[in-house]
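K.L.:
Sequence first, predicted model second:
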Amino acid sequence: MAQTPLTQTPATNTASLPSGKPPLNPVNIAIFVGLPLAALVLVPLWGVYHGYSATLWWTALLFLYLNGLSITGGYHRLWSHNAYQAHPLLRIFFALWGAGALQNSILVWGSDHRRHHRHVDDNEQDPYSAGRGLWFSHMGWMLRKYNTNEEDFSNSPDLQRDPIVMWQHRHYVLLTVIMNVGLPLLVGWWAGDVIGGLLLVGLLRLIVNHHVTFFINSLAHFWGNQPYTDENSARDNGFLAFLTYGEGYHNFHHIFQSDYRNGVRWYQWDPTKWLINLCAWLGLASKLNRVPNFKIQQSILAMRFKQARDQVEQADTPQPLRETLEAEYQLFMDALNRWKDLQAQRYERRVGELGDALAEKRSRLLEKWERATVRTRLRELEYSLKMQRKRVEILMLQMQAV
Ligand SMILES: [Zn+2]
Ligand SMILES: [Zn+2]
């Protein structure tokens, strides 16, 4: 999810070197190699020589979360995926603190990220394709002028129409300098340690945020499980979610990208989701997009069937178990059709309500009752999928035991 911070590569610069590799990107090398090296030397040196106050440590942690959440809640879920709508005040907040994360403007970041989703794992089109390896997807992609880094905003007309996005894009360099140098200087002055402020709140906080964000492109495509889909390399990983402000449930995210949640269960660590919920409660966010639970259950069960069928292919499974599996699959298909019918009924009713004046005269009680019936049936279907998942899992165990 992270992007080249200051300059994008013009198309004319992408000619290969004699080694066959594209030329290096000096600005990005200074930022992604130079700054971490400087931090490695200077931060401990100042620590030994002078020490850091608790105030500076806590402020650095606060800045880390403000930057991180502005990338995940703003750049990612709001602007790249339109997973909810945000009040202008919240959007300005995300635009400022997102610029402080030094991962390029919302426009560049968002258009790159949409390409990542559309062409995930495609080495020719996904800017940080995991197919090119862990290092490339982590930060290698930013260090050279690869063709896949060329600016292309054709997938982001909505972002180009957003005045806050365009304002941030035009003043990006100034904003990122203010957020990364100006504010840490101010904090340092306030805490009585200007150098300490620059090193801890400015430098170290920036590097840590860079790498935890980069984990989403790299580790979250290599390490973890795939409960919802195996059609791309994205993985769910609770430990990574803890480091990445909730973005570690990347398998879920790649299949349901328009959902404002990544950790869809209440107990899954997703501070970005909690922040959006809090903003909705405060009236700063609205139209939070949730994928129907049935769809989520459906994809988990579809994966189970896939695994069970693979197991059947590989092992000499007895005929009765094969038949049971196929019968379960038929039930699954029936449930999907029933769900589609119920959704169509809901939709028809809504259209009817709009177009037919008679519908307005229908007794409110009857309408409520009908809605409740459809809702109950949908819930029953959801429950039946959960039960079926358990049966298929038991069936898989039986097949293993044979
Ligand atoms: Zn991804
Ligand atoms: Zn995404």
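P.N.:
Thanks, I have the structure now. Numbering: from 1, shown residues only. Ligands and ions are numbered 1, 2, ... in the order given.

K.L.:
can we go C-alpha only for contacts and neighbour counts from here?
P.N.:
OK.

K.L.:
Take the helix or strand encompassing Leu174, keep the C-alpha atoms, and write them as CSV.
P.N.:
Assigned by DSSP states H and E, Leu174 belongs to helix 172-177. Extracted C-alpha coordinates of helix 172-177, given in CSV (Å, rounded to 0.1, in the frame of the first residue of the first chain):
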residue,chain,number,x,y,z
TYR,A,172,2.3,17.9,-1.2
VAL,A,173,6.0,18.7,-0.8
LEU,A,174,5.3,21.7,1.4
LEU,A,175,2.8,19.8,3.5
THR,A,176,5.0,16.8,4.1
VAL,A,177,7.9,19.1,5.1
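
K.L.:
Quick check: buried residues in it?
P.N.:
Neighbour-count burial for helix 172-177, counted by 16 or more other Cα atoms under 10 Å, picks out 172-173, 175-176.

K.L.:
which secondary structure elements does the helix or strand where Arg391 lies contact?
P.N.:
Arg391 is part of helix 364-401 when elements are defined by DSSP H and E. Contacts defined by 3 or more Cα pairs under 8 Å, 6 or more residues apart in numbering; DSSP states H and E place helix 364-401 against helix 293-314, helix 319-355.

K.L.:
so how far is the last one off the chain centroid?
P.N.:
The chain centroid and the centroid of helix 319-355 are separated by 29 Å under Cα atoms, centre = their mean, to the nearest Å.

K.L.:
Report the angle between it and helix 364-401.
P.N.:
Here the directions of helix 319-355 and helix 364-401 differ by 160 degrees (axes from the mean of the first three to the mean of the last three Cα atoms, to 10 degrees).

K.L.:
Touching, Asn67 and Ala95? I think so.
P.N.:
No. Look at Asn67 against Ala95 with Cα atoms under 8 Å: they stay out of range, at 9.9 Å.

K.L.:
buried set for the host helix or strand of Trp167?
P.N.:
Per DSSP H and E: Trp167 is located in helix 163-170. Residues of helix 163-170 classed as buried under the neighbour-count rule (16+ other Cα under 10 Å) are 164-166, 168-169.

K.L.:
Show me the residue at the heart of this structure, geometrically.
P.N.:
Glu247 (5.2 Å; Cα atoms, centre = their mean).

K.L.:
sorry, back to before: name the residues of the helix holding Arg391 that are buried.
P.N.:
Buried, per 16+ other Cα under 10 Å, within helix 364-401: 374, 378, 381-382, 384-386, 388-389, 392-393, 395-396, 399.

K.L.:
ditto for stretch 298-318
P.N.:
298-305, 308-309, 312, 317.

K.L.:
which residue packs closest to Tyr65, ignoring adjacent ones?
P.N.:
Nearest non-adjacent residue to Tyr65, counting by Cα to Cα, 6 or more residues apart in numbering: Tyr245, 7.9 Å away.

K.L.:
list the contacts for that neighbour?
P.N.:
65, 68-69, 72, 269-272 (Cα atoms under 8 Å, 6 or more residues apart in numbering).

K.L.:
what's the answer for Leu378, then?
P.N.:
Contact analysis of Leu378 by Cα under 8 Å, 6+ apart lists 294, 339, 342.

K.L.:
Need the buried ones from those residues selected in ChimeraX.
P.N.:
ChimeraX command restricting those to the buried ones, with burial defined by 16+ other Cα under 10 Å:
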select :294,339,342
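
K.L.:
now the contacts of Leu378 in TSV, with pLDDT and distance to Leu102?
P.N.:
Below are these laid out as TSV (pLDDT from 0 to 100; distance: Cα to Cα, whole Å):
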residue	pLDDT	distance to Leu102
Phe294	86	39
Trp339	83	45
Leu342	81	47
